[in-house]
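Participant: mind folding the following:
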Amino acid sequence: MNIVFFLPASLVYGWLLLTALVPNTLQANEKVTRSHAMSMYDEFKYPANFTHFGYTNPDAPKGGTLRKAATGSFDTFNTFAPKGNWAADSYFLYDSLMVRAGDEPYTVYGLIAQSIEYPQDLSWVAYNLHPDARFHDNAPITADDVVYTFETLREKGPPHYRHLYADVSSVKATSRHRVEFRFSRPQSKPLLLRLSQLRVLPKHFWTRPDNNIAIADLNPPLASGPFKIKDFQAGHQVTYERVKHYWAANLPVNKGRHNFDEVRIDYYRDDQIALEAFKQGAYDLRVDGNPKNWVEGYKGKRLDKGEIIQEAVPNSSLGMRAFVFNLRKAKFADRRLRQAISLALDFQWINKHLYYDTYKQAYSLFSNSELAADALPSANEIKLLSPWHKELPEEVFTRVFQPARTDGSGNWRNNQRLALQLLKDAGWVLKDGKLKHRQTNEPMTFEILLSQPEFERFALPFANNLKLLGIHARISTIDTSQYINRLREFDFDMVIHGFYPGISPTTELKSFWGSESAKAHAGKNISGISLPVLDALIEKAIKAENRNELIDIVRALDRVVLWHYATIPQWYLPYWPFIYKKGLKHPKIPPEYASGLDTWWWQSM
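Facilitator: As a prediction, the model looks like this:
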């Protein structure tokens, strides 16, 4: 329920003497909304007196241990440090001010914050903290902790915090349980929603001389969430235990969630080894998007006897996996070259012969959603893009982007001819089977950097086709830690990367495709794409006043990135591929926009 109130000038100051729930800088006649929830555009689904999310089972039994797997290694539990490889699930050690619902595009409900307040012009936002909120040492979570968290992360945290919160001019604890953020300019709701998901750090813990938020280490941090670290073996295994007297266990946002007494995660060198371990009963649950595994990997007695269950749970998750160019490299400066390289990917042959036609060919950064630019641009999109008409390829305005297609037979001659013509136009010639630049005589070679051996199945046929264009693409598969470090340093030519920006992307767009993120160390703009038109569209997306306006803006952005050939789309899956041990249960109605794994339970313990 939204409570909207007006305060006449004659009452403002007297009323402020009686309560700290309204900003002490409130202006006369300022319209303020106070609510238990906040949605991007529409009314939210759950009223103030709701008891639980509709995709949870509030009567789910508690108990047992859930065993999971991860690949690679880990060297820190500090998910706020700019460097380091986080332990799996360590991100969820901390509670946030508010939490997203898994069955709405973008709505947050109170967790640490009982309620949220904001004026009509969105020039500030305030959070009223739950008086029972506690860290695991039973110390109260206060407004000072929120202020400390925000200031520390913006100063010492990963670069994306500075990008996301650039418009916050001040943060202030107006009382023990109320914190207020003010903005350098009026905002739209996306920034408020991002602030609402701020995970709160304990100031009294991180200000100790022996603790440093900027250092990635394995010291178990003091946290506030439903689980805490029980034990671990560095790089190999971590066990989380449910907090017995977790302060928020019975809040509506947590009812039916966090049902296991312990969650144990074992690390394996790669996914193939992890698969074999699962087949031997070493752990209980996998999310396996590998079609070869899905079709063949689980056949045998355990599946036949019903000891393990395969289930494809439909979802509305959007995005794609793709080959990504590092546009910071001069060798990839010409769009015609990038387009020619993209034509060497024979998705239909790979999907048919290696992946059982399981994957769907990605066609957009937002595949499987209404945000995808899968038709000619609308009048609104044309209007958005027109100021940059001269700088953009004409195809952005006149054609629907289509990734390269074949009949799946392995015959890609039409695409090959087109690729060779594009290369010729870009100044490249074939000499003795090698593609060389006409002026410099430099050969076209690059590295495809991978983090999993399984990705080689996609990369090898692609590299073989590139050879027919005279391009030598060498494939390098390295361990996860090395891969992450090289990605952070932008030390690569091409990688395989997933883009999953969410169903209502706004500030996230800055991280994925904004110019500042392209330059920032460890930024999330993997390709390094940096275009004024994208920066302008991102700002418009952040300020969008309704869902339809956001859709037009995001579709326009989609067209620009796709026709720039910063990526080569591969695939997406319109379902969650779960494989799990008999006895594990989940609610009948899954969340539309999340995996829902935090709602599962053991049937009997």
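
Participant: element containing residue 66, please.
Facilitator: strand 65-71 (DSSP states H and E).

Participant: residue 313 now?
Facilitator: Assessed by DSSP H and E, residue 313 sits inside strand 308-314.

Participant: ok, residues contacting that strand?
Facilitator: Applying CB atoms under 8 Å, 6 or more residues apart in numbering, the external contacts of strand 308-314 come out as 294, 298, 302-303, 574-582, 584, 590, 596. The C-beta positions use only the backbone N, C-alpha and C, and glycine is treated the same way.

Participant: now, which of those lie within helices?
Facilitator: 302, 303 (DSSP state H).

Participant: which among the contacts of strand 308-314 count as buried?
Facilitator: 294, 298, 302, 576, 577, 578, 579, 580, 581, 584, 590, 596 (16 or more other CB atoms under 10 Å).

Participant: please identify which of these is nearest to residue 64.
Facilitator: Nearest to residue 64 among the buried ones among the contacts of strand 308-314 is residue 584, at 9.3 Å by CB to CB.

Participant: for the nearest residue to that closest one once chain neighbours are set aside, give me its contacts.
Facilitator: Among residues not flanking residue 584 along the chain, residue 600 sits closest, at 5.9 Å (CB to CB, 6 or more residues apart in numbering). Listed by CB under 8 Å, 6+ apart, the contact partners of residue 600 are 66, 259, 260, 285, 584, 585, 586.

Participant: need the per-residue pLDDT for residue 600.
Facilitator: With respect to pLDDT, residue 600 scores 98.

Participant: tell me how far it lies from residue 197.
Facilitator: 23 Å (CB to CB, to the nearest Å).

Participant: any weak-confidence spans in this structure?
Facilitator: Applying pLDDT under 70 to the chain picks out residues 1-29, 42, 605.

Participant: cutoff 80 now
Facilitator: Scanning the chain for pLDDT under 80 picks out the ranges 1-30, 42, 163, 186, 316-317, 604-605.

Participant: so what are the domain limits for it?
Facilitator: Here the domain parsing of the chain from the TED database is 32-58+72-207, 227-315+575-602, 320-572.

Participant: any chance of those domains in CSV, with distance to residue 218 too?
Facilitator: Formatted as CSV, these follow (distance: least, CB to CB, whole Å):
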stretch, distance to residue 218
domain 32-58+72-207, 6
domain 227-315+575-602, 6
domain 320-572, 14
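
Participant: nearest to residue 220, of those?
Facilitator: Proximity of these to residue 220 was assessed by CB to CB; the nearest stretch is domain 227-315+575-602, lying at 4.3 Å.

Participant: and the closest one, end to end?
Facilitator: In domain 227-315+575-602, first residue to last residue: 17 Å (CA to CA, to the nearest Å).

Participant: can you start the count at 281 instead of 1 from here on
Facilitator: Sounds good: first residue 281 from here, last item domain 507-595+855-882.

Participant: tell me where the stretch 331-480 of the chain has strands.
Facilitator: Along the stretch 331-480 of the chain, counting by DSSP state E, counting those that start in this stretch, strands occupy 345-351, 378-380, 387-390, 393-399, 404-409, 448-455, 458-463.

Participant: any chance of these in a markdown table, plus mean neighbour count and distance to residue 492?
Facilitator: Formatted as a markdown table, the strands of the stretch 331-480 of the chain follow (neighbours: other CB atoms under 10 Å; distance: least, CB to CB, whole Å):
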| stretch | mean neighbour count | distance to residue 492 |
| --- | --- | --- |
| strand 345-351 | 19 | 25 |
| strand 378-380 | 23 | 28 |
| strand 387-390 | 25 | 30 |
| strand 393-399 | 22 | 27 |
| strand 404-409 | 24 | 26 |
| strand 448-455 | 16 | 21 |
| strand 458-463 | 22 | 24 |
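
Participant: out of the ones you listed, nearest to residue 432?
Facilitator: strand 448-455 (11.1 Å).

Participant: who does the closest one pair up with?
Facilitator: Sheet pairing here is set by DSSP bridges, and for strand 448-455 it gives strand 458-463 (antiparallel).

Participant: alpha carbons of the partner strand, as PDB, please.
Facilitator: Output of strand 458-463 as PDB, limited to C-alpha atoms (Å, rounded to 0.1, in the frame of the first residue of the first chain):
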ATOM      1  CA  ARG A 458      16.500   6.200   9.300                       C
ATOM      2  CA  VAL A 459      18.900   6.900   6.400                       C
ATOM      3  CA  GLU A 460      18.400   9.400   3.700                       C
ATOM      4  CA  PHE A 461      20.100   9.700   0.200                       C
ATOM      5  CA  ARG A 462      20.000  12.900  -1.700                       C
ATOM      6  CA  PHE A 463      20.700  13.300  -5.400                       C
END
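
Participant: now do that strand: distance to the chain's middle.
Facilitator: 26 Å (CA atoms, centre = their mean, to the nearest Å).

Participant: ok, stretch 576-587 next?
Facilitator: Mean C-alpha position of stretch 576-587 versus that of the full chain (CA atoms, centre = their mean) differs by 33 Å.

Participant: mind listing what's buried in that stretch?
Facilitator: So, applying 16+ other CB under 10 Å, buried residues of stretch 576-587: 577, 578, 582.
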